[in-house]
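# please work out how this folds:
(4 chains)
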There are 2 protein chains.
Amino acid sequence: MSGKEIRRSMPLFPIGTVMQLTELTARQIRYYEEHQLISPARTEGNRRLYSLNDIDRLLEIKDLIDQGINMAGIKQLLLVKEQQESLLEQQAKSAKREVTDDELRKLLRNELMHSGRLNRSSLRQGDLSRFFH
Amino acid sequence: MSGKEIRRSMPLFPIGTVMQLTELTARQIRYYEEHQLISPARTEGNRRLYSLNDIDRLLEIKDLIDQGINMAGIKQLLLVKEQQESLLEQQAKSAKREVTDDELRKLLRNELMHSGRLNRSSLRQGDLSRFFH
DNA sequence: ATGATATGTAAGATAATCTAACATGGTTTT
DNA sequence: AAAACCATGTTAGATTATCTTACATATCAT
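Residues are numbered from 1 along each chain as shown, chains lettered A, B, ... in the order given. Purely as a prediction, here's the structure:
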């Protein structure tokens, strides 16, 4: 079942393709990398190679930027969202199993600290998935 | 419902990526194009750009070559398979509608002429789809 | 043995990408 | 208002990827 993750994280696209798919300039894409919002793979010849996940993430970043959020903010948001997702995944995995008190505390703390608008972008997130069946 | 087709026929991959995905050399890929087994799009700068469909097709070609079939044979096979698929699609589309006698005759004729092993490769065909969810 | 087929390889040209540096228009901060 | 900062544009020179064309070669069929 994690084959899907492998596929989506497979580095396939050079920056030119990513530019078209995301409508971002190369400068922007590299700038976001510089600020560690993404970390694409590299070919043997040092060319960047992006995965579907990377592209989704770039679309998300674009969305957040449109909302006026700066690099630092986006970095935090993506981080929180990541752990949120891994939590949900974990929760689904052992559906019946109880969550440890510690995990629960962390989850609640995050929900409190970063409440409000946080998942608006997740509507746009799967945007790229429309390109692949 | 044809959005899927659009996605799968979207030119995204440079030849380098295709080489890795198909384990064919650039020489081979261009040679097959020369013999009109595929016709990838081109970028503004004349670089070839391949779609998911193209890559599937290359995997199919590879399979047919392994079976000892030559360019001319593969060309015909792909052609027949194409019309076969469009027929099936059409058949599914107007599921209830009767097939015209003419179409039926063509379908039967093809099944007779190209019977036997013809769909063995279609097992390998969707091979690439494992890369995308 | 001859010829055709599929692929390898080399050369020179062009395109795409890389890094690094400086430029710039909008925001903040002082 | 001036200074500093942020996100992006632009340029330059270097490197890698791809293109076309041509010739080489091994395998297979005639």
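# quickly check: the one helix or strand A:L87 maps to near DNA strand D or not.
Here A:L87, judged by DSSP states H and E, is contained in helix A:71-93. Yes - in terms of Cβ under 7 Å from any atom of the strand, part of helix A:71-93 sits within range of DNA strand D, namely A:M71. All C-beta spots, glycine's among them, are computed from the backbone N, C-alpha and C.
# and A:K62, how many neighbours?
Using other Cβ atoms under 10 Å in any protein chain shown, A:K62 is surrounded by 19 other residues.
# that one sits in which helix or strand?
Following DSSP H and E, the helix or strand that holds A:K62 is helix A:52-66.
# quickly check: that helix near chain B or not.
Yes - using Cβ under 8 Å from any Cβ of the partner chain, helix A:52-66 reaches chain B at A:L52.
# tilt between that helix and helix A:71-93?
Counting by axes from the mean of the first three to the mean of the last three Cα atoms, to 10 degrees, helix A:52-66 lies at 130 degrees to helix A:71-93.
# near DNA strand C at all, helix A:52-66?
No - counting by Cβ under 7 Å from any atom of the strand, DNA strand C has no neighbours in helix A:52-66; the shortest distance is 12.1 Å.
# likewise stretch A:74-81?
No - using Cβ under 7 Å from any atom of the strand, stretch A:74-81 stays clear of DNA strand C, coming no nearer than 15.0 Å.
# give the buried residues for that stretch.
Neighbour counts over stretch A:74-81 (16 or more other Cβ atoms under 10 Å in any protein chain shown) mark A:I74, A:K75, A:L77, A:L78, A:K81 as buried.
# now, which of these sits nearest DNA strand D?
Nearest to DNA strand D, judged by Cβ to the nearest atom of the strand, of the buried residues of stretch A:74-81 is A:I74 at 7.8 Å.
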